[in-house]
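In: A predicted structure for the sequence below; I have some questions about it.
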Amino acid sequence: MATMNMPGTDRRHIPERRTTSSGDRLGLKMSVVDYIAMALLIIGGLNWAMVALFSIDVVATLFGVMSPATRLVYLLVGIASLYGIYLASRWSARPRL
């Protein structure tokens, strides 16, 4: 008669499931400030594309030419670009897989 292993003795190893995302494991976890900076960089890039392609400055059209609001948007996009340089250096310094 064939013997059977008891259910508790023949256990296969099942890898532990973790809830961390792949971006977190790679050191790419982004904070709220990172997302705001990226959004401002995208807005600024699209505005410059509109200036280059159609000679339309969307920010100046919305807020007025060199009004305080327009200058504030330009300042925030400039700060976001400096922060983007920091992000790029942080991401490039992460260890490779």
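Out: Yep, that arrived.
In: Next one: the residue lying closest to Met66 once chain neighbours are set aside relative to Val33, how far apart?
Out: Leaving aside its sequence neighbours, Met66 sits nearest to Ala60 (CB to CB, 6 or more residues apart in numbering; 7.4 Å). For glycine as for every other residue, the C-beta is placed from the backbone atoms N, C-alpha and C. As judged by CB to CB, to the nearest Å, Ala60 and Val33 stand 26 Å apart.
In: between those two, who's got more neighbours?
Out: Ala60 (17 against 11; other CB atoms under 10 Å).
In: ok, and for the helix or strand harbouring the more buried one, which residues are buried?
Out: Per DSSP states H and E, Ala60 falls inside helix 58-63. Across helix 58-63, burial judged by 16 or more other CB atoms under 10 Å covers 58-60, 63.
In: How about stretch 87-97?
Out: For stretch 87-97, by 16+ other CB under 10 Å, it's Leu87.
In: do the same with stretch 40-58
Out: Quick answer for stretch 40-58 (16+ other CB under 10 Å): 40-41, 43-44, 47, 58.
In: Of these, which belong to helices?
Out: Among the buried residues of stretch 40-58, the ones falling in helices (DSSP state H) are 40-41, 43-44, 47, 58.
In: Return the member of those residues nearest to Ile85.
Out: Ile85 lies nearest to Leu41 out of those, by CB to CB, at 10.6 Å.
In: So that closest one sits against Ala80, correct?
Out: Yes - Leu41 is within contact range of Ala80, at 5.2 Å (criterion: CB atoms under 8 Å).
In: quick check: mean pLDDT across the strand or helix carrying Val77?
Out: Element membership of Val77 [criterion: DSSP H and E] is helix 68-92. Mean per-residue pLDDT for helix 68-92: 93.
In: List the contacts of that helix.
Out: Defining contact as CB atoms under 8 Å, 6 or more residues apart in numbering, one finds that helix 68-92 is touched by 27-28, 33-34, 36-38, 40-41, 43-44, 47, 59-60, 63-64.
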